[in-house]
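Peer 1: What follows is a predicted structure for the sequence shown.
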Amino acid sequence: MKQNFNLVYQTCFENNSLSDLQEFCNNLMSNEPEIIFRSLKFVSISEKSLISILKSVNLQMNQVQVWEHVLKWGIAQNPGLPSNPSGYSKDNFNTLKNTLQQCIPLIGFYSFSSKEFSDKVYSYRKVLPKELRNDILKHFLETDSRQRNTDSKLVIPLNATMLAQIATNATTSNSAQETAEVASSSTTLNATQEANVTSNATTQNITRSTESIIIEEVTLISLKEDIQFLFQEYEQSSEIYCQQIMKNTAK
């Protein structure tokens with residue numbers, strides 16, 4: 001039966017009394033759609049049979065593949081159409097559109113990725129009803145916009161060089177802090193010894209304030225240097241990333 005599935009399938013759907021056979025064929029088609037889609041005689045099945053296949057809720061086939069087979073079927077019904085859609089006239093598109101008008105609503109275009117739609121559908125976009133076409137394009141724009149918003153948070157890829165530089169800056173910062181603390185303690189001690197006028201409480205407050213100011217200045221300088229370094233690295237990484245995107249798009 002599988003070897004002559006197209007004939008059996010088409011015959012049973014031309015006779016409404018063969019409902020059990022129709023159900024059997026539908027179940028087989030849902031589980032193994034490639035049996036008919038990849039058949040050399042697929043393009044000869046009737047529109048009614050094709051629509052029945054597309055309406056199967058359990059059709060286990062990628063929607064991109066479904067579109068490709070339906071498109072192949074539609075073109076085969078109109079042998080006079082050019083082989084390349086870039087050569088289609090307005091009448092050519094209208095002819096194919098009329099042929100596929102009952103099948104188009106049954107294809108899950110919204111499950112396509114934007115790249116799949118661009119590669120597989122866009123050249124034939126005029127066979128889609130204008131409202132559907134606009135809704136699909138709007139869907140992709142909104143999806144891409146949400147993706148951009150998610151990706152818009154600044155995430156700087158830290159390579160080995162950048163990490164090493166940050167580690168060096170952190171070490172320098174720590175050394176500077178330690179030096180500042182020693183210098184601050186020494187100055188405070190000398191001041192206490194030479195001028196034994198200020199109370200211990202006042203001396204401690206001055207010491208903490210001096211240390212805090214020096215440490216904050218050192219931290220800010222270190223942070224500024226890190227940011228400048230990261231920004232330079234990020235600009236270079238972004239440029240490379242943009243070039244890669246343009247290269248992939250060109251392909």
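Peer 2: Right, received. Where do you want to start? Bear in mind the structure is a predicted one, so any value in this text is a computation, not a measurement.

Peer 1: C-alpha from now on. contacts and neighbour counts both.
Peer 2: Noted.

Peer 1: domains in this structure, as residue ranges please.
Peer 2: Listed domain ranges for the chain are 2-109, 160-250 (source: automatic domain parsing).

Peer 1: Considering those, which stretch scores lowest in mean pLDDT?
Peer 2: Ranked on mean pLDDT, the bottom entry among the domains of the chain is domain 160-250, at a mean of 51.

Peer 1: Please, where are all the strands along the stretch 1-150 of the chain?
Peer 2: In order along the chain, the stretch 1-150 of the chain carries no strands (DSSP state E, counting those that start in this stretch).

Peer 1: Helices of that one, start to end?
Peer 2: Ranges of helices in the stretch 1-150 of the chain, per DSSP state H, counting those that start in this stretch, are 5-13, 19-31, 34-37, 47-54, 63-76, 90-100, 114-120, 130-151.

Peer 1: To residue 82, which of the ones you listed lies closest?
Peer 2: Across the helices of the stretch 1-150 of the chain, residue 82 has its closest neighbour in helix 90-100 (8.2 Å, C-alpha to C-alpha).

Peer 1: how about that closest one: buried residues?
Peer 2: Neighbour-count burial for helix 90-100, counted by 16 or more other C-alpha atoms under 10 Å, picks out 92-93, 95-97, 99-100.

Peer 1: Could you do stretch 61-74 as well?
Peer 2: Buried residues in stretch 61-74, counted by 16+ other C-alpha under 10 Å: 63-64, 66-67, 69-71, 73-74.

Peer 1: and of those, the nearest to residue 117?
Peer 2: Using C-alpha to C-alpha, residue 64 is the member of those that lies nearest residue 117, at 8.4 Å.

Peer 1: okay, the helices of the stretch 1-150 of the chain in JSON lines with distance to residue 108 next?
Peer 2: Shown next, in JSON lines, are those (distance: least, C-alpha to C-alpha, whole Å):
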{"stretch": "helix 5-13", "distance to residue 108": "23"}
{"stretch": "helix 19-31", "distance to residue 108": "15"}
{"stretch": "helix 34-37", "distance to residue 108": "17"}
{"stretch": "helix 47-54", "distance to residue 108": "10"}
{"stretch": "helix 63-76", "distance to residue 108": "6"}
{"stretch": "helix 90-100", "distance to residue 108": "14"}
{"stretch": "helix 114-120", "distance to residue 108": "11"}
{"stretch": "helix 130-151", "distance to residue 108": "10"}
